[in-house]
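Engineer: Give me coordinates for this.
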Amino acid sequence: MPPRGEAWPGGLQDSGDHRDDDQRSERKAVGHEPVQRVSAQEADHERHGGESGEEGQREADGEHVGLREERGCLPRVEQGLRACTEDHRSRQQEREACGVLAPQLSHEARGDRDARARYPGDERDRLSDPDDERIADPNLPRYRDVLARLVPYHQDPAAGVLIGDGVPLADSHRHFSHLLWLYPLRESTWDDPADRELMRRSFDHWSGMREHWHGYSFAAASSMCAVLDSPEEALANLQYFLAGNVTDSTQLTPNTMYREGANFAIESPLAAAQSVLDMLVQSHGGVVKVFPAVSATWPEASVAGLRTQGAFVLDASRRAGRTEWVRIRSEAGEPLVLQHGIDGAIAVRDPRGRPVRYTEVAPGRVAIPLRRGETAVVTGRGARPALCPRDVPANGPAAAWGLPD
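Structural biologist: Okay, the predicted model is just below:
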C-alpha cells in the first residue's frame with residue numbers, strides 16, 4: 001500500500017565523501033584572468049576589508065543583525081539563498097558577455113573542470129516571477145541581470161548535458177550532480193515537448209551505466225522517471241533497490257536501513273520514500289499533479305495530508321486504475337492549477353457541496369481560485385464518493401517489517 005503522510009521537505013542529496021574537493025585552491029583561468037576559488041568565509045573576510053579577529057567578526061555580525069532587522073520576517077531560507085547568490089556573484093567575471101562561475105575541480109571527474117555554470121535552481125525559481133511583490137529586495141534588478149546572462153549547460157549529441165565543458169560522464173557513477181537540473185530542480189519539464197529529447201537523452205546516458213550505482217542512485221532514477229512520464233520504469237528502479245539487491249557493496253537492509261560496505265546510513269531509504277511520493281503527487285511550476293506517475297500495477301491508492309508547493313494540503317483516492325476524487329485545501333491563498341486525472345466531466349464543490357468556480361486551462365487541468373483556508377473537492381460529475389482515506393489491498397505477500405525473507 002502506498003504510504004500516507006507529509007512529503008519530505010528536502011530533495012535528494014549528492015552525499016559522497018569528497019572532502020578533498022573542498023580543500024582544493026588551485027588557480028584556473030576564466031577568459032584571460034586567473035580566478036582563485038575561495039570559500040564563503042574567505043569572501044566575507046575580503047568584503048569586510050580583511051579585518052581579523054573579534055573586531056572584524058563584530059562588524060560582520062552587526063551587519064547581519066541589521067539586515068535581519070531590516071528584512072523583518074524574511075524566512076531563513078530566503079536569507080540563505082541571498083547569501084548563496086552573493087557568494088557566486090563574488091566569483092563571477094563581470095566583464096564576460098555571459099556570466100561564468102569560477103571553474104571548480106571535480107575530484108571524481110579525474111581533475112577536469114566541474115563547470116557549475118549556472119546559479120542554483122531554487123534561486124532561479126525565487127526570481128522567476130517578476131511581478132511577485134512579496135520579494136522586497138532592492139537587489140532584485142541586479143540578480144535578474146546576472147540571471148539573464150548565465151551561460152547554458154554544456155551538451156553533447158550522445159551524452160546530453162555534460163559534467164562541464166568537454167567533460168562527459170565517461171564511466172558509471174553513483175552520483176547525478178550533472179542531472180540536478182532534471183531532478184530535483186526541474187529546470188526543464190516534460191510538459192514542454194521541446195525539453196523532452198534532452199531530458200531523456202541525458203537520463204539514458206547516466207542510467208545506461210549502472211555498475212557503480214548505490215541505493216540512492218536507483219531512488220533518484222525512479223524520481224527522474226516519474227517526471228519523465230515513465231511510471232513503469234520509475235517503479236522498476238525503485239523495486240530493484242527495495243528488493244535488497246546488492247550493487248557496488250551497497251544494500252537496503254530488512255529494517256529499511258541501508259549499508260555501504262560496513263557503514264550504515266539512512267539517506268537512500270529516505271530518498272526511496274521521496275520516490276514513492278513523486279509517483280503519487282508532484283507540484284512544480286504552479287501545477288499540482290495527482291497520481292501523475294502511478295504504475296498500472298497499482299490500481300488502488302489513497303493519500304492523505306500530502307503537502308505540495310503553494311502551501312496546499314492534498315487528499316486523493318485512486319480506484320480501479322482511475323482517480324476517484326481529489327480534495328485540496330489552500331493554506332496561503334496561492335494560485336492553483338490542478339491536474340486531477342479524473343476521466344470525463346467533473347464537478348468542483350466546497351466541503352458543504354456548494355459549487356466552486358473553476359476554469360479549464362488544459363485537458364485535465366483546472367484553475368481553482370481558493371482563498372486561504374478554503375477547500376475544493378473535485379469528483380466526476382454526478383459522483384458522490386466517500387471522501388475519506390482508506391486502506392488499499394497489497395499486491396502480494398511481503399516479509400514482516402524488520403525481518404529477512
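
Engineer: doesn't residue 237 make contact with residue 218?
Structural biologist: Yes - using Cβ atoms under 8 Å, residue 218 makes contact with residue 237 at a distance of 5.0 Å. The way it works is simple: take the backbone N, C-alpha and C, and place the C-beta from them, glycine included.

Engineer: can you list the domains in the protein?
Structural biologist: 37-51+61-128+136-152, 168-280, 285-380 (automatic domain parsing).

Engineer: Now render these as JSON lines, adding mean pLDDT, mean neighbour count and distance to residue 392.
Structural biologist: What follows is those, written out as JSON lines (pLDDT from 0 to 100; neighbours: other Cβ atoms under 10 Å; distance: least, Cβ to Cβ, whole Å):
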{"stretch": "domain 37-51+61-128+136-152", "mean pLDDT": "55", "mean neighbour count": "14", "distance to residue 392": "34"}
{"stretch": "domain 168-280", "mean pLDDT": "95", "mean neighbour count": "19", "distance to residue 392": "12"}
{"stretch": "domain 285-380", "mean pLDDT": "97", "mean neighbour count": "17", "distance to residue 392": "4"}
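
Engineer: how about residue 209, phi and psi?
Structural biologist: Torsion angles at residue 209 (phi, psi; degrees, to the nearest 10) stand at phi -130, psi 100.

Engineer: what's the spacing between the residue nearest to it when sequence neighbours are not counted and residue 403?
Structural biologist: Excluding its sequence neighbours, the residue lying closest to residue 209 (Cβ to Cβ, 6 or more residues apart in numbering) is residue 172, at 3.7 Å. Separation of residue 172 from residue 403 (Cβ to Cβ, to the nearest Å): 32 Å.

Engineer: Residue 397 now?
Structural biologist: For residue 397, the distance to residue 403 - Cβ to Cβ - is 13 Å.

Engineer: Looking at the two, which has the bigger crowd around it?
Structural biologist: Between residue 397 and residue 403, residue 403 has the larger neighbour count (other Cβ atoms under 10 Å), namely 8 against 5.

Engineer: Please tell me how far the more buried one sits from residue 312.
Structural biologist: Distance from residue 403 to residue 312, by Cβ to Cβ: 38 Å.

Engineer: which SS state does residue 333 fall under?
Structural biologist: Three-state call for residue 333 (DSSP: H, G, I helix; E, B strand; the rest coil): coil.

Engineer: whoops, I mixed them up, residue 225
Structural biologist: Under three-state DSSP, residue 225 comes out as helix.
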